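Enquirer: Any chance you could fold what I've pasted below:
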Amino acid sequence: MNKEIERKFAVKYLPENLNIESIVHIKQAFIYRDKLTLIRIRDIKESYPEDKQIYIYTLKTKGDIEYNNNYDIGKKYEIENEIDRELFDKLIKNKISNIIEKTRIKIPIENNLKVEIDIYYDYLEGLLTAEVEFPNEELANKFQKPAWLGEELGYKKLSNRKLSEMTKDDYVIICGDFGGVWNKDGESKMETSALDWLDGKAFTTLFVDGNHENFDRLYAYPVEKKIRQTARFKKWFFGHYHDNRNVTKDELLLWEQIIRIS
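Expert: Below is the predicted model of the structure:
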């Protein structure tokens, strides 16, 4: 049984002349979960340095429990076995999660460590994360990330298990300058394509309007619902929200209207 010790980061940029060790495409889903155990299956197709395909059955114990106080360092025990294509196809029919597809690029860094960059597709398209696995907790705690890695993401919200269970009750918030409602003559083909793309995601997109919005169009949209309510443990304190691209001037707060109180 292997013990995984990992930290997860955002990616600020990719440096030039990366020393790439391997590139694989991963298709995965979870087929069982209880308080202490997760079972995941993976279809792994390697494209570099050689072409090969394998199928992996993984049992994780305490897969979402053993973390430090900040959920920065994930510690999991794993048992992995290779299975054949026939068994994989049978098991994935009983999945209990969304299917995650991603490309994983493995890059060696100093101290014999490796960064695994995950580029996600389908409903997670646009998400880019990096994980570093460590041989022990001391090295994990002392790790100084390279400049091209961004903020620590932790595992409380962005574990693969959490990502695979996203629904429309999960919210991705764009904090200003959304730009999705812009064309002065109405919704353009480009806008329709982009907004339909967002509508097709497993999560709900919320945005704070900014300089790159068409406020005449935003003002013209009807109000859908008041949100002075509690909904599934999510507390809304004021204002309105709008389904199906609907918003009105009563719900818009411009930058110059904000009053600093602290």
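Enquirer: Same question for the top helix by length along the chain: list its buried residues.
Expert: Across the chain, the longest stretch assigned as helix under DSSP state H is helix 189-199. By neighbour count on 16 or more other CB atoms under 10 Å, the buried set for helix 189-199 is Glu191, Leu195, Leu198. Quick note: C-beta positions are derived from backbone N, CA and C, even for glycine.
Enquirer: For that helix, which outside residues touch it?
Expert: Helix 189-199 has contacts (CB atoms under 8 Å, 6 or more residues apart in numbering) with Gly180, Val181, Trp182, Asn183, Glu187, Thr205, Arg245.
Enquirer: Among those residues, show me the least confident.
Expert: The lowest pLDDT within those belongs to Arg245, with 54.
Enquirer: still on that earlier bit, nearest to Lys76, out of the buried residues of helix 189-199: which one, please.
Expert: Of all the buried residues of helix 189-199, Lys76 sits closest to Leu198, with 32.3 Å by CB to CB.
Enquirer: hmm, back to that, pick out the most distant pair among the contacts of helix 189-199.
Expert: Between any two of these (CB to CB), the greatest distance is 18.5 Å, for Asn183 and Thr205.
Enquirer: which one of the buried residues of helix 189-199 sits closest to Asn94?
Expert: Nearest to Asn94 among the buried residues of helix 189-199, with distances taken as CB to CB, is Leu198, at 29.9 Å.
Enquirer: Tell me which stretches of the stretch 51-200 of the chain form strands.
Expert: Secondary structure of the stretch 51-200 of the chain, counting by DSSP state E, counting those that start in this stretch: strands at 52-61, 73-83, 100-108, 114-120, 128-134, 149-152, 171-174.
Enquirer: hey, which helix or strand in the chain has the poorest pLDDT?
Expert: None of the helices or strands of the chain scores lower by mean pLDDT, DSSP states H and E than strand 230-231, at a mean of 38.
Enquirer: before we move on, the earlier item: dump the longest helix of the chain to CSV, keeping only the CA atoms.
Expert: Extracted in CSV, the C-alpha atoms of helix 189-199 (Å, rounded to 0.1, in the frame of the first residue of the first chain):
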residue,chain,number,x,y,z
LYS,A,189,-23.2,34.3,-32.8
MET,A,190,-19.9,34.5,-30.8
GLU,A,191,-21.8,35.5,-27.6
THR,A,192,-24.4,32.8,-28.2
SER,A,193,-21.7,30.2,-28.6
ALA,A,194,-19.8,31.3,-25.5
LEU,A,195,-22.9,31.5,-23.3
ASP,A,196,-24.2,28.2,-24.5
TRP,A,197,-20.8,26.7,-23.7
LEU,A,198,-21.1,28.0,-20.2
ASP,A,199,-24.7,26.8,-19.9
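Enquirer: got the contact list for the closest residue to Ile99 other than its chain neighbours?
Expert: Distances taken as CB to CB, 6 or more residues apart in numbering put Ala29 closest to Ile99, at 4.9 Å, once the chain neighbours are dropped. Applying CB under 8 Å, 6+ apart to Ala29 gives the contacts Arg40, Ile41, Ile92, Lys95, Ile96, Ser97, Asn98, Ile99, Ile100, Ser164.
Enquirer: How is Ala29 assigned, secondary-structure-wise?
Expert: strand (DSSP: H, G, I helix; E, B strand; the rest coil).
Enquirer: Ile107 and Val115: what is the separation?
Expert: 5 Å (CB to CB, to the nearest Å).
Enquirer: hmm, I was thinking of Glu191
Expert: Glu191 is 36 Å from Val115, by CB to CB.
Enquirer: Count residues in the vicinity of the residue nearest to Tyr48 when sequence neighbours are not counted, would you?
Expert: Excluding the flanking residues, the one nearest Tyr48 by CB to CB, 6+ apart is Ile23, at 4.1 Å. Neighbour count of Ile23, defined by other CB atoms under 10 Å: 16.
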